[in-house]
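Undergrad: sequence first, predicted model second:
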Amino acid sequence: MDILKTISQMQKWSKTKKKESKTICFVPTMGYLHQGHISLMEKGKSLCDELVISIFVNPAQFGPNEDLDTYPSNIENDLLLAKKAGVTAVFLPNKDIIYPENFQTEIKLQELPQFLCGKFRPVFFSGVTTVVTKLFNIVMPDIAVFGQKDYQQLQIIRQLVMDLNFDIKIVAGDIIREQDGLAMSSRNAYLSISQRASALCLSKSLHMARDMVDQGEKNPEVIKLKMETFIGTFAETNIEYINFCDPETLEDINVIESETLLAIVVRVGETRLIDNTLL
Ligand code: PAF
């Protein structure tokens with residue numbers, strides 16, 4: 001497994017592979033890898049000859065009061081896991097390589113970032129689309145895999161690729177859950193034992209909503225109220241949003257009559273957890 005720290009090293013590596021007619025799959029990450037990332041890598045591995053991941057905690061996608069400084073990191077373990085998952089190259093740049101002095105460009109979508117998480121994290125998606133655009137130009141993959149847990153991010157990347165004519169196929173990876181249902185996330189590491197128990201309110205309330213829809217409930221407000229009451233019974237929880245929307249445009253829906261995205265964000269203590277399901 002090659003570890004490449006500069007843009008020219010990474011681009012040279014990809015160009016060499018392309019000359020050898022090898023296809024490249026890319027999984028961008030912020031490190032602190034868990035089974036969710038590994039499943040994206042396994043998916044990538046099955047689709048291409050070469051598998052590249054990046055590990056870069058992107059400062060541009062963190063707001064001033066967010067967890068950039070405390071974001072968990074364990075590069076040594078990440079490299080072990082990556083190697084085991086069959087990664088052939090890791091792009092591991094530092095902040096100055098990605099954002100050199102006098103960096104000026106911002107890539108920002110007009111509409112999709114205005115919904116869901118974008119309402120609460122105003123700089124998040126422009127930070128993501130700016131860094132992903134750079135990473136696409138540096139890694140030059142044929143395919144890139146993004147997890148469905150960050151559903152809005154996935155939709156935004158699909159739109160970005162379409163709008164900017166990247167010749168890259170975007171593939172979605174399933175949400176990977178702990179045995180008890182908690183969606184895997186690097187941020188789960190922040191949870192205390194009691195908060196870890198409270199964090200189950202997300203997957204359980206989504207399950208409850210699915211059951212209600214299966215039993216014929218079509219009114220998002222009725223389901224939302226039940227979910228709010230249920231989540232309120234878990235200690236240290238604070239709902240940021242529960243949203244029923246169109247899975248493509250992310251616009252709110254008033255009646256559940258076709259495929260609907262139910263997306264949820266709950267703070268457990270200080271930790272912001274996200275989850276979703278398609279109804
Ligand atoms: O999903 C993430 O981990 C990040 O948002 C990404 C796509 C690696 C960009 O920094």
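TA: Looks like it arrived, so ask away. This structure is a prediction, so every number in the text was calculated from the model and none was measured.

Undergrad: residues of the stretch 151-279 of the chain that sit close to the ligand?
TA: Q153 (CB under 6 Å from any ligand atom). C-betas here are computed from N, CA, C, even on glycine.

Undergrad: where does the residue in the stretch 151-279 of the chain positioned nearest to the ligand land in three-state SS?
TA: Here the stretch 151-279 of the chain gets closest to the ligand at one residue, Q153, 5.8 Å apart by CB to the nearest ligand atom. Here Q153 is recorded as helix under DSSP: H, G, I helix; E, B strand; the rest coil.

Undergrad: check contacts around it.
TA: Going by CB atoms under 8 Å, 6 or more residues apart in numbering, Q153 touches 125, 128, 146.

Undergrad: check which helix or strand covers the second one.
TA: When elements are defined using DSSP states H and E, V128 is found to belong to helix 124-139.

Undergrad: off-centre distance for stretch 122-137?
TA: Stretch 122-137 has its C-alpha centroid displaced from the chain centroid by 12 Å (CA atoms, centre = their mean, to the nearest Å).

Undergrad: let me see the mean pLDDT of it.
TA: Averaging pLDDT along stretch 122-137 gives 98.

Undergrad: check stretch 201-211 too.
TA: Mean pLDDT, stretch 201-211: 98.

Undergrad: repeat for stretch 261-270
TA: 98.

Undergrad: ok, now stretch 8-21?
TA: For stretch 8-21, the mean pLDDT works out to 98.

Undergrad: next one: it to chain centre, how far?
TA: Computed by CA atoms, centre = their mean, the chain-centroid distance of stretch 8-21 equals 26 Å.

Undergrad: how about stretch 195-209?
TA: Relative to its chain's centre, stretch 195-209 lies at 19 Å (CA atoms, centre = their mean).

Undergrad: try stretch 117-125
TA: Computed by CA atoms, centre = their mean, the separation of stretch 117-125 from the middle of its chain amounts to 13 Å.

Undergrad: now the end-to-end length of that stretch.
TA: Using CA to CA, to the nearest Å, one end of stretch 117-125 lies 9 Å from the other.

Undergrad: ok, and does it reach over to the ligand?
TA: No: contact of stretch 117-125 with the ligand (CB under 6 Å from any ligand atom) is absent, the minimum separation being 8.2 Å.

Undergrad: list the buried ones in that stretch?
TA: Across stretch 117-125, burial judged by 16 or more other CB atoms under 10 Å covers 117-118, 121, 123-125.

Undergrad: surely F26 and N137 touch.
TA: No: F26 is beyond contact range of N137, at 11.5 Å (criterion: CB atoms under 8 Å).

Undergrad: neighbour count: these two, which is higher?
TA: A count of neighbours by other CB atoms under 10 Å puts F26 above the other of F26 and N137, at 27 against 11.

Undergrad: using the three-state scheme, assign that one.
TA: Under three-state DSSP, F26 falls in the strand class.

Undergrad: give me the nearest residue to it, chain neighbours excluded.
TA: P141 (3.5 Å; CB to CB, 6 or more residues apart in numbering).
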